[in-house]
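> this one's structure only:
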């Protein structure tokens, strides 16, 4: 079974967010980059399945050379090889076009992504890839088992869940529940990662359907109004008269 | 030429979210000089469909065929794209939630459109078409330009609100051949009764500071006193410890909520949790630690032990409700 695991190279969750070039570009200065948390969980599950049932996992990302350490992290966790498409991931349509091309040149049974990347929270790329390839996509998967050439998945819905079966090939986007804690690479994994193949491919021509013009920061919150413990009635009064939420 | 809204239904009924999408579409349609059409797929009765016209819809299209009973993103995307083409829709509006996020990107490719998800307002400009969306898990906004003739937007719940705009509307039952998917739903489990944290106007949320599952009882009471618009939520560690169900987990890898009021009890305010609550109108924090980062995100705060403070709040709240 061949799995293509699409990861995003994103700022660490606790990173300060600021922008340069008049707000157009994210300020990477001093920022630690990581494998996106949703993809990390999807990869963790993929590795467990591979170890139990056999198979091969290819980690993929679209980005410049600076994203390679993040791909090596995926290899250290347990992916077998990695592919970097040498292009800036500025637009979901463009990124999806690149990934679709990689899939066409491969023989993958399952393509996995995270439910969304934590930088732009789009949740689009995987589903666009599936549409390009005319294969089913199952989004927000929080449970995954493989039986033969079939994926058995669970997806959260309002007030419950759906259990879905789909034979290969398919695309799924994973979220918390597909695994609960990400695999931490062991020393051995980190060392082996250096020797696993990381192939760079050039992008295909694709335009950008969207363009980020500028970023802004949310308005700073005013100071928190503190109320003494014992004076809770005052909180209720403020919520009613001032905040007007009750 | 129209603005087309796609709305889900929940057991044949619409939610406030559906009316918010129509309200949003109406505001955009007004700027474009166009009409609002709405597409609903599923078994929804005529008097329920008519409600959409109270928010500006002038054409309501309903697909009632049983072939769509089981959701599959490729099946639904095909139908929505076909309707969009038949209606000459220039702008499509979806909700930014689990189900419609599964479909909108596929529709985007079918229509060769440009798609922005997580919108927080009507477009900043029409020509060029620029819309503002949430980015960096709520820590920033991005103004995004769409460079395609057809624009697809998904709106964050509670970002726009509902605006009444009663309109004369036609309701049309339409048939679109369903493309079956290889993805098959084999089981559906629904927990009856409980409102989703996404729909609550008031969330009473607890963290590890509550020490145990029992620690949540006073929070459940608070939600009861607030009324049917309120429900309980929790942080990731609480869900992982199984004190509360995963469906209540609010945060970066859980749900992103936008209630009017978010009560954060015994929650320190880790960045991953804040990512789930920054769109709350008002945040109240109750914590023993006055250095807890939650106080930087909160509008009101009480330093104290939840064991004493929460019952006091409940008593004061009860008294307020009784005298209101």
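Thanks, I have it. This structure is a prediction, so every number in the text was calculated from the model and none was measured. Numbering: from 1, shown residues only, chains lettered A, B, ... in the order given.
> so the helix or strand residue B:5 falls within, near chain A or not?
Using DSSP states H and E, residue B:5 falls within strand B:2-7. No: counting by Cβ under 8 Å from any Cβ of the partner chain, chain A is not contacted by strand B:2-7; separation bottoms out at 13.4 Å. Any C-beta I mention is one placed from the backbone N, CA and C, and that applies to glycine too.
> show me where the chain has helices.
Looking at chain A here, since you left the chain open. Applying DSSP state H to chain A gives helices spanning A:37-53, A:68-77, A:92-104, A:125-133, A:187-193, A:232-241.
> my bad, the chain I had in mind was chain B
Using DSSP H, helices in chain B cover B:16-32, B:46-50, B:73-86, B:98-111, B:217-226, B:236-240, B:271-274, B:294-297, B:306-323.
> can I get those in CSV with mean pLDDT and mean neighbour count?
Shown next, in CSV, are the helices of chain B (pLDDT from 0 to 100; neighbours: other Cβ atoms under 10 Å in any protein chain shown):
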stretch, mean pLDDT, mean neighbour count
helix B:16-32, 97, 22
helix B:46-50, 98, 13
helix B:73-86, 98, 22
helix B:98-111, 96, 25
helix B:217-226, 97, 19
helix B:236-240, 95, 21
helix B:271-274, 94, 20
helix B:294-297, 96, 21
helix B:306-323, 96, 17
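> skipping adjacent residues, who's closest to the residue in chain A that chain B sits nearest to in space?
As assessed by Cβ to the nearest Cβ, chain B sits closest to residue A:229 within chain A, at 3.1 Å. Leaving out its chain neighbours, the residue that sits closest to residue A:229 by Cβ to Cβ, 6 or more residues apart in numbering or on different chains is residue B:304, at 3.1 Å.
> spatially central residue in chain B, please.
With distances taken as Cα atoms, centre = their mean, chain B has residue B:157 as the residue nearest its mean C-alpha position (3.5 Å).
> deepest-packed of the helices of chain A, please.
Of all the helices of chain A, helix A:125-133 carries the top mean neighbour count, a mean of 26, counting by mean count of other Cβ atoms under 10 Å in any protein chain shown.
> so is that one next to chain B?
Yes: Helix A:125-133 is in contact with chain B by Cβ under 8 Å from any Cβ, via A:125-128, A:130-132.
> what lies in contact with that helix?
Contacting residues not belonging to helix A:125-133 are listed as A:6, A:92-93, A:95-97, A:99-100, A:103-104, A:111-113, A:117, A:136-137, A:139, A:169-173, B:73-74, B:77, B:101-106, B:108-110 [Cβ atoms under 8 Å, 6 or more residues apart in numbering or on different chains].
> angle of it against helix A:92-104?
On the basis of axes from the mean of the first three to the mean of the last three Cα atoms, to 10 degrees, helix A:125-133 is oriented at 60 degrees to helix A:92-104.
> rewinding a little: and the helices of chain B: which comes nearest residue B:125?
helix B:16-32 (9.7 Å; Cβ to Cβ).
> and the closest one, what does it pack against?
For helix B:16-32, the elements it packs on are strand B:2-7, strand B:35-41, strand B:89-95, strand B:151-155, judged by 3 or more Cβ pairs under 8 Å, 6 or more residues apart in numbering or on different chains; DSSP states H and E.
> hmm, 6 Å instead?
Where contact means 3 or more Cβ pairs under 6 Å, 6 or more residues apart in numbering or on different chains; DSSP states H and E, helix B:16-32 is packed against strand B:2-7, strand B:35-41, strand B:89-95.
> quick check: which of these is nearest to residue A:163?
The closest of the helices and strands packed on helix B:16-32 to residue A:163 is strand B:35-41. By Cβ to Cβ, the value is 21.1 Å.
> tell me which strands the closest one pairs with, and in which orientation.
Sheet pairing for strand B:35-41, assigned by DSSP bridges, gives strand B:2-7 (parallel), strand B:59-63 (parallel).
> excluding chain neighbours, what is closest to residue B:29?
Leaving aside its sequence neighbours, residue B:29 sits nearest to residue B:3 (Cβ to Cβ, 6+ apart; 4.3 Å).
> how many neighbours does that neighbour have?
Counted by other Cβ atoms under 10 Å in any protein chain shown, the residues lying close to residue B:3 total 29.
> hmm, the top strand by length along chain A touching chain B?
Ranked by residue count, the top strand of chain A under DSSP state E comes out as strand A:137-147. Yes: Strand A:137-147 reaches chain B (Cβ under 6 Å from any Cβ of the partner chain) through A:137-140.
> now swap in stretch A:6-26 and tell me
Yes: for stretch A:6-26, a contact with chain B is found by Cβ under 6 Å from any Cβ, at A:13-14, A:17.
> how distant is that stretch from the center of its chain?
Centre-to-centre, stretch A:6-26 and its host chain are 14 Å apart (Cα atoms, centre = their mean, to the nearest Å).
> could you work out the end-to-end span of it for me?
Terminal residues of stretch A:6-26 lie 22 Å apart, using Cα to Cα, to the nearest Å.
> buried stuff in that stretch?
Judged by neighbour count using 16 or more other Cβ atoms under 10 Å in any protein chain shown, the buried positions of stretch A:6-26 are A:6-11, A:13, A:15, A:17, A:19, A:23, A:26.
> so where's the stretch 151-300 of chain B uncertain?
B:192 (pLDDT under 70).
> which parts of it are strands?
According to DSSP state E, counting those that start in this stretch, the stretch 151-300 of chain B carries its strands in the segments B:151-155, B:170-173, B:184-190, B:202-206, B:230-234, B:261-265, B:282-287, B:300-303.
> got JSON lines for those strands, with mean neighbour count and distance to residue A:152 too?
JSON lines is the format used below for the strands of the stretch 151-300 of chain B (neighbours: other Cβ atoms under 10 Å in any protein chain shown; distance: least, Cβ to Cβ, whole Å):
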{"stretch": "strand B:151-155", "mean neighbour count": "27", "distance to residue A:152": "28"}
{"stretch": "strand B:170-173", "mean neighbour count": "13", "distance to residue A:152": "36"}
{"stretch": "strand B:184-190", "mean neighbour count": "13", "distance to residue A:152": "8"}
{"stretch": "strand B:202-206", "mean neighbour count": "28", "distance to residue A:152": "33"}
{"stretch": "strand B:230-234", "mean neighbour count": "26", "distance to residue A:152": "28"}
{"stretch": "strand B:261-265", "mean neighbour count": "28", "distance to residue A:152": "36"}
{"stretch": "strand B:282-287", "mean neighbour count": "25", "distance to residue A:152": "40"}
{"stretch": "strand B:300-303", "mean neighbour count": "23", "distance to residue A:152": "46"}
